[in-house]
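Visitor: Would you be able to build a 3D model of this:
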Amino acid sequence: MALVTGASRGIGRHIALALAGAGYDVAFTARTVAEGQGRIPPRQGSGTGSEISVPGSLEKSRAEIEELGARALPVRMDLLDLESVREAARTVLAEWGRVDLLVNNAVAHLAGNHDRLLDLDLDVAARTMTGNHLHQLALIQAVVPAMLEQGGGTIVNLCSGSATTDPPAPPGEGGWGVAYSASKAAFGRLAGAVNAEYLDRGVRAFNLDPGFVVTEAGAARGGTSAIADKGFTPTPEDAPGRAVVWLASSPEADRFLGRVVWTPKLVSEL
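Guide: Numbers count the residues shown, from 1 in each chain. Model (predicted):
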């Protein structure tokens, strides 16, 4: 049984579908319940009155997962709401009793989290860190005890190259904002902590860098063409799903523990 966060669209949806196709029952989270309700803020600026409509929903992903013959458990979760995050874990464990694979894919979309250094609102930076790091930690804290009790489990964290690579240009011109990249850098430390403390009890964690994926949300927010112009080659949106299935099922995957798994390279070798 797998739990995938942020699976109403984009990378998360493709991961959920790949897992369903590989025989997993899939619980999955998102904020958007029904099709047509999806809204995200712009990358830069206050975002007041300028939310962007995006496709995707829990309802649509549920239908697609069930079409593949897997059980689907949609759970509404807001990564910026701590109780929502903890309640999502409680719901999945109450309904299905276990989580064999946790995929932390969701990210916190906040207006202005890609603002330039001197324009950045510190409250936005703090909330971005909370959603992309602290509340991801909270979900891991909620799921790991169940994994330990059942004898093991796997965690895959969708990390980001922005955490370790300096932006080639300012935000909006092919680079990214420090609020986002700093939060993903902190998030990138969680897998190592899990392995240091629980690998010998059967719980392992991987950092998976999906590469530069142009999702529906990313395209709608804009700025992706400028990043591509700086030499970043887009990764197919379904590639991270293939990588997650392999990491969760292959006996060879443990060789990637303690390393960042680069999706394009791994998928090209599969």
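
Visitor: residue boundaries of the strands in the stretch 101-250 of the chain?
Guide: Taking DSSP state E, counting those that start in this stretch to define them, one finds strands in the stretch 101-250 of the chain at 101-104, 153-158, 203-209.

Visitor: export those strands to JSON lines and tack on mean neighbour count?
Guide: Heads up, the C-betas are built off the backbone N, CA and C, glycines and all. Output for those, formatted as JSON lines (neighbours: other C-beta atoms under 10 Å):
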{"stretch": "strand 101-104", "mean neighbour count": "26"}
{"stretch": "strand 153-158", "mean neighbour count": "25"}
{"stretch": "strand 203-209", "mean neighbour count": "24"}
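
Visitor: Reformat these into JSON lines and put distance to G112 and mean pLDDT next to each item.
Guide: Supplementary listing: the strands of the stretch 101-250 of the chain in JSON lines, determined by distance: least, C-beta to C-beta, whole Å; pLDDT from 0 to 100:
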{"stretch": "strand 101-104", "distance to G112": "23", "mean pLDDT": "98"}
{"stretch": "strand 153-158", "distance to G112": "22", "mean pLDDT": "98"}
{"stretch": "strand 203-209", "distance to G112": "25", "mean pLDDT": "98"}
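
Visitor: Out of those, the one nearest T165 is which?
Guide: The closest of the strands of the stretch 101-250 of the chain to T165 is strand 203-209. By C-beta to C-beta, the value is 10.0 Å.

Visitor: Counting neighbours, what do you get for G23?
Guide: Here the number of neighbours of G23 (other C-beta atoms under 10 Å) works out to 11.

Visitor: Is it in contact with A70, as I believe?
Guide: Yes: contact criterion C-beta atoms under 8 Å: G23 and A70 qualify, at 7.4 Å.

Visitor: re the thing from before, figure out which of the strands of the stretch 101-250 of the chain is closest to L3.
Guide: Proximity to L3, assessed across those by C-beta to C-beta, is greatest for strand 101-104 (5.1 Å).

Visitor: Helices along this protein, start to end?
Guide: Applying DSSP state H to the chain gives helices spanning 10-21, 58-67, 82-96, 122-129, 135-150, 178-187, 190-198, 216-221, 224-229, 239-249, 263-269.

Visitor: neighbouring contacts of the last one?
Guide: In this case it means helix 263-269. Residues outside helix 263-269 that contact it (C-beta atoms under 8 Å, 6 or more residues apart in numbering) are L208, D209, P210, G211, T233, T235, A239, P240, R242, A243, W246.

Visitor: what's the lowest-pLDDT member of those residues?
Guide: Among the contacts of helix 263-269, T233 has the lowest pLDDT, at 73.

Visitor: Run a quick neighbour tally on the residue nearest to it when sequence neighbours are not counted.
Guide: In space, not counting the residues next to it along the chain, T233 is nearest to F212; the distance is 6.7 Å by C-beta to C-beta, 6 or more residues apart in numbering. Neighbour count of F212, defined by other C-beta under 10 Å: 20.
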